[in-house]
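[1] can't give you the sequence, but here's the structure:
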Ligand SMILES: Cc1cc2nc3c(=O)[nH]c(=O)nc-3n(C[C@H](O)[C@H](O)[C@H](O)COP(=O)(O)OP(=O)(O)OC[C@H]3O[C@@H](n4cnc5c(N)ncnc54)[C@H](O)[C@@H]3O)c2cc1C
Ligand code: SF4
Ligand code: SF4
Ligand code: FES
C-alpha cells in the first residue's frame, strides 16, 4: 500500500497528465447539480460534489451498449469495447455498487462485454466531502471503502491523499511528479475523515440491521404498505434509472439504411415499467403497480443479496430524490415493515 | 480469491452471439403455427434435452425464446414450432428452406426424462401450444419406450383447427400402453370428439398417484385448475412438473425480465418441480 500527499497544484497537474494519457471521466458541475462526464481539463473536476445525477455505472454498463454487428446471412460479430479509461472521483457507495455488478455479471455465465469494459477501467474513488440530502451510505456500510479500488483520494487540509493499489495503481502513481509519501499525521487525518463519514452519511436512519432485511422481507409479502405506496406510483421507472445497482436491460436491433446490416444493442430497462414482464399477446406476469413496486425492494433487500451476499442498496439516496411521487425511499419502506409488522405475517 | 476481472485471459465466448443455422424444412400446422426443421451450420447436434429452449434470432428484428419441439433421440436436426404473434414470429413465418436463422442455447432446465420419469407412469397434460415443448419429451419416451410405464397424453385445443401434430398421434400410441385423450374448448360442425376444458379429461383416466409423474404445459390460466384436478386424485407436488413461460430477453440470467420472485426462469426453469415453486407468490 502506498499513500501519497498531493497539494492542490500537484493534484491539478496529475489530473492533467491522466487526461493526456487516457479518456478521463470525472465529476463536473452542470447547473446546480453534478454529473460524470469526459474531462477536457483538470479545472473542470469537482471532487467536492455531493452526488451525481446518474451513477458512474454508465461507463461500464452504458445506457446503450452495442453487443453485436450483423451482416446478411445471420452473421454476427461481437463488438468489444476495451479502450482503457479512467473513472475519477467515484464515491465509495458507487464503487461498492460497481463491485456488486462485477459479481453479478461474472457469476454463472460470464458477460464478457461487461467484463472487458470493467477491465479497461481504472477507478479512482474519492471520499465524500459533502453529504447529499438523501444519502444513507453510513447505515449500509458503504460510506468508506478500503480495498479493490485502483486509487483513493481523500481530502485533507491543504490537499489530497492518494492511495494506490495494484498494477493500475502503480500506473497512477507513475504519473505523479515528485511523489511524497503521506506522513503519520496525514494518515490519521484520513482516518478521521472515514470515521466522520461513517457517522454523518446518514440522512435517513435505517432501523433494520442490513443482515436482517432478508428475513423481514420474507415475512412481509402481504404487507398493506406495498398497495398503499404503489397507489401513488406513476410507473415512470426513475427509481430504476438512477440506481447504481440496477442492471436489468432490454436487447434491440437497429439496422442501417440498407436494412441488412446493423447492430444488436442493449439498453437499460426498469422493473417498475409497466410492460417489463409482459409477453406477446398482452399477458403481464407482474400486472399490478404494487407487485412491480414491491419487486424492487425485494431485489435490493433479498433476491440479489441471496446471489452475492450483500445488500443491493448502497444508500446513495438517488431514488429518494428522483421519485416525484415521494414513495421511493428504501429506508422508510424497510423501517415501516419493521415497525408495523403485518398482522398475518406477525402471527406466523 | 482471484476473480475473472483480474485474469489476463479473455475468454472469447460471447453469451449473446448466435450460431448460424439453416432451415431444412417448413411445415404449415395451423393458421397460426408453423414447424421449422433446422440444422446448425457447424454440423453439430444442438445437444439439448426435452423441455429446453433456444433463443432464435433474425438479424434486424431480434430474438425470441422458442422451445425445442423434437427429441434429441431424433438426430442432428431439431424442430421448432412457432406461433405467429408479433414481429419476430411473423418474420420467422416467412422463412423458406435454405434460409438462415441465428440460434443461442439450448438453455434452461428439462423434463426429468432420465430421472423422475424413468420407470414410472407418466401423464402429459398440455393446453394448446403447450404441446410444443412436451412433444420433445413424448418422442423421447416413445423412443425409449421400455424405460417407462403407462403413458397418458391429455391435450386440449381451443378449436379442432388449433390441434397440433395430428398426424403423429398414431405413432405416439403405436408402442402400446399409451392413452391419448383430447378435447376442444369449442367444437365445430365436423368434430365428434370431446368438448370442454382440459381439466375435464383428468377424471377420465385411471392411474396410481404413488407411481405416476405428471408434466403440465399450457397457457398461464391452465395451471391452477389442472393442479387442483391432479391433487384431488392424490398426486403429490413432488411428482408434478410444470413448464412456465415468462418474458425473456437474454436467456442467460442477466437481463432480469424472466424473474419469478428471486428465480430466473431462464436458468432455474422453464421446467420446475411444483413443490419447489408453490411458495413463490409470483409463480402460478
Ligand atoms: C421458455 C419459452 C418457450 C417458448 N416456446 C415457444 C414455442 O415453442 N413456440 C412459440 O411460438 N412461442 C414460444 N414462446 C413464446 C415466444 O417466445 C413469444 O411468442 C415471442 O417472444 C414473441 O415474439 P414476437 O417478437 O413475435 O412478439 P412481439 O409481441 O412483437 O414481441 C414484443 C417483445 O416482447 C417480447 N416477448 C413477447 N412475448 C414474449 C414471451 N412469451 N417470452 C419472451 N419474450 C416475449 C419479445 O422479445 C419482444 O421484445 C416461448 C416463450 C418462452 C419464455
Ligand atoms: S420513481 Fe417513484 S413514481 Fe416512478 S416508478 Fe419509481 S416509485 Fe414509481
Ligand atoms: S435503491 Fe435507491 S438508495 Fe439504494 S442504491 Fe438504488 S438508488 Fe441508491
Ligand atoms: S431472460 Fe434474461 S435473466 Fe432470464
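    Looks like it arrived, so ask away. Everything numeric here is computed off the predicted structure, so don't read it as measured data. Ligands and ions are numbered 1, 2, ... in the order given.

[2] List, one by one, the residues from chain A near ligand 3.
    Residues of chain A lying near ligand 3 by CB under 6 Å from any ligand atom: A:242-245, A:300, A:313-319, A:330. Just so you know, the C-beta spots here come from the backbone N, C-alpha and C atoms, and that holds for glycine as well.

[3] what pLDDT does residue 204 get?
    I'll assume chain A. At residue A:204, the model reports a pLDDT of 97.

[4] I was thinking of chain B, sorry if that wasn't clear
    So residue B:204 comes in at 93 (pLDDT).

[5] swap in residue A:343?
    67.

[6] quick revisit: adding distance to ligand 1 and neighbour count, write the residues of chain A next to ligand 3 out as CSV.
    CSV is the format used below for those (distance: CB to the nearest ligand atom, whole Å; neighbours: other CB atoms under 10 Å in any protein chain shown):
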residue, distance to ligand 1, neighbour count
A:242, 24, 22
A:243, 23, 26
A:244, 26, 27
A:245, 24, 23
A:300, 25, 23
A:313, 28, 31
A:314, 30, 30
A:315, 34, 28
A:316, 30, 28
A:317, 33, 27
A:318, 28, 26
A:319, 26, 22
A:330, 29, 24
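
[7] Show me what the helix or strand containing residue A:319 is packed up against.
    Assigned by DSSP states H and E, residue A:319 falls within helix A:318-322. Here helix A:318-322 is seen to pack against helix A:238-241 when contacts are counted using 3 or more CB pairs under 8 Å, 6 or more residues apart in numbering or on different chains; DSSP states H and E.

[8] Does ligand 2 have contacts with the helix it packs on?
    Yes - using CB under 6 Å from any ligand atom, helix A:238-241 reaches ligand 2 at A:238-239.

[9] need the next SSE after that helix, C-terminal direction.
    Criterion used, DSSP H and E; the element after helix A:238-241 is strand A:249-255.

[10] mind listing what's buried in the following helix or strand past that next one?
    Tracing the chain C-terminally past strand A:249-255 and defining elements by DSSP H and E, one meets strand A:262-268 next. Within strand A:262-268, the residues scored as buried using 16 or more other CB atoms under 10 Å in any protein chain shown are A:262-266, A:268.

[11] and the next helix or strand after the helix holding residue A:319, what does it pack onto?
    Heading C-terminal from helix A:318-322, the first helix or strand you meet, by DSSP H and E, is helix A:330-339. Packing partners of helix A:330-339 (3+ CB pairs under 8 Å, 6+ apart): helix A:213-218, helix A:224-230, helix A:289-298.

[12] Ok, which of the ones you listed comes nearest ligand 1?
    helix A:289-298 (16.6 Å; CB to the nearest ligand atom).

[13] The longest helix along chain B vs ligand 1: in contact?
    Ranked by residue count, the top helix of chain B under DSSP state H comes out as helix B:131-143. Yes - applying CB under 6 Å from any ligand atom, one finds helix B:131-143 in contact with ligand 1 at residue B:132.

[14] any idea which of the residues of chain A next to ligand 3 is the one closest to residue B:223?
    residue A:300 (29.2 Å; CB to CB).

[15] show me where pLDDT drops low in the stretch 1-150 of chain A?
    For the stretch 1-150 of chain A, the stretches with pLDDT under 70 are A:1.

[16] Contacts only, for whichever residue of it sits closest to ligand 4.
    Nearest residue of the stretch 1-150 of chain A to ligand 4: residue A:109, at 9.8 Å (CB to the nearest ligand atom). Going by CB atoms under 8 Å, 6 or more residues apart in numbering or on different chains, residue A:109 touches B:15, B:252-254.

[17] Which pair of those residues spans the longest distance?
    Across these, the longest distance by CB to CB is 9.4 Å; it joins B:15 and B:253.

[18] Helices of chain A, start to end?
    Using DSSP H, the helices of chain A run over A:8-21, A:92-106, A:112-120, A:166-174, A:184-200, A:213-218, A:224-230, A:238-241, A:289-298, A:304-308, A:318-322, A:330-339, A:343-347.

[19] now do the stretch 1-150 of chain B
    Remark: helices assigned in the stretch 1-150 of chain B by DSSP state H, counting those that start in this stretch are B:87-93, B:131-143.

[20] Of all those helices, which one comes closest to ligand 2?
    helix B:87-93 (26.8 Å).

[21] roughly how far out does the closest one sit from the chain middle?
    Centroid separation for helix B:87-93 versus its chain: 19 Å, with CA atoms, centre = their mean, to the nearest Å.

[22] go on, stretch A:287-295?
    The answer for stretch A:287-295 is 23 Å, by CA atoms, centre = their mean.

[23] does any part of that stretch sit near ligand 4?
    No - using CB under 6 Å from any ligand atom, stretch A:287-295 stays clear of ligand 4, coming no nearer than 13.6 Å.

[24] Count the neighbours of residue 281 for me.
    In the absence of a named chain, this looks at chain A. 10 (other CB atoms under 10 Å in any protein chain shown).

[25] wrong one, I was asking about chain B
    12.

[26] which non-adjacent residue is nearest it?
    Nearest-residue entry for residue B:281: residue A:221, 5.6 Å, with adjacent residues in sequence omitted and distances by CB to CB, 6 or more residues apart in numbering or on different chains.

[27] check contacts around the residue nearest in space to the middle of chain A.
    Taking CA atoms, centre = their mean, the centroid of chain A lies closest to residue A:244, which sits 2.6 Å from it. Contacts here follow CB under 8 Å, 6+ apart; on that basis residue A:244 touches A:55-57, A:93-94, A:97-98, A:314, A:316, A:318.

[28] From those residues, pick the one nearest residue B:213.
    residue A:97 (44.4 Å).

[29] so who does that closest one touch?
    Residue A:97 touches A:55, A:57, A:244-245, A:314, A:316, counting by CB under 8 Å, 6+ apart.
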